[in-house]
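S.K.: Quick check, what structure comes out for this input:
(one chain, ligands or ions: 1)
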Amino acid sequence: MDDNDINNLERRCPRLGSRISFRYCLISGEDDNPCWKIFDCWWEYFDVESYLKANLPAEVFEQLVEKAAAQPKNKLASIVEIAEQAKKEKTNK
Ligand code: SF4
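M.R.: As a prediction, this is how the structure comes out:
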């Protein structure tokens with residue numbers, strides 16, 4: 001998928017409740033930086049982490065990662081983490 005296709009991807013925004021394009025997510029955070037939910041909202045559509053790492057200034061990317069990590073985990077992330085932990089424990093027995 002090229003950058004133009006990525007920028008035109010659309011999904012329903014959980015914060016706004018309407019369909020928006022990825023392009024909007026890139027500038028809808030503080031100081032026109034990406035929204036802190038961008039990893040959570042887009043990981044199922046494409047490799048958003050690699051895309052942002054390659055296209056954002058390193059400092060902006062790091063701030064975004066820190067901000068996303070500081071937010072309470074959503075239910076799916078918590079379930080995946082618990083499942084991975086259980087798998088590791090089973091393997092170590
Ligand atoms: S990243 Fe932010 S603006 Fe974009 S869909 Fe998710 S919550 Fe909405």
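
S.K.: Check the gap between Trp42 and the ligand for me.
M.R.: Shown here: Trp42 relative to the ligand, a distance of 7 Å by Cβ to the nearest ligand atom, to the nearest Å. All C-beta spots, glycine's among them, are computed from the backbone N, C-alpha and C.

S.K.: ok, the nearest residue to that residue once chain neighbours are set aside - how many residues close by?
M.R.: Distances taken as Cβ to Cβ, 6 or more residues apart in numbering put Val48 closest to Trp42, at 4.0 Å, once the chain neighbours are dropped. Val48 is flanked by 20 other residues according to other Cβ atoms under 10 Å.

S.K.: ok, now Phe22?
M.R.: 21.

S.K.: and if you look at the one 3 residues further on?
M.R.: The number of residues packed around Cys25, counting by other Cβ under 10 Å, is 21.

S.K.: got it, and Val80?
M.R.: Other residues near Val80 come to 12 when the count uses other Cβ under 10 Å.

S.K.: hang on, it in a helix?
M.R.: Yes: the assignment for Val80 by DSSP: H, G, I helix; E, B strand; the rest coil puts it in a helix.

S.K.: Good, wrapping up.
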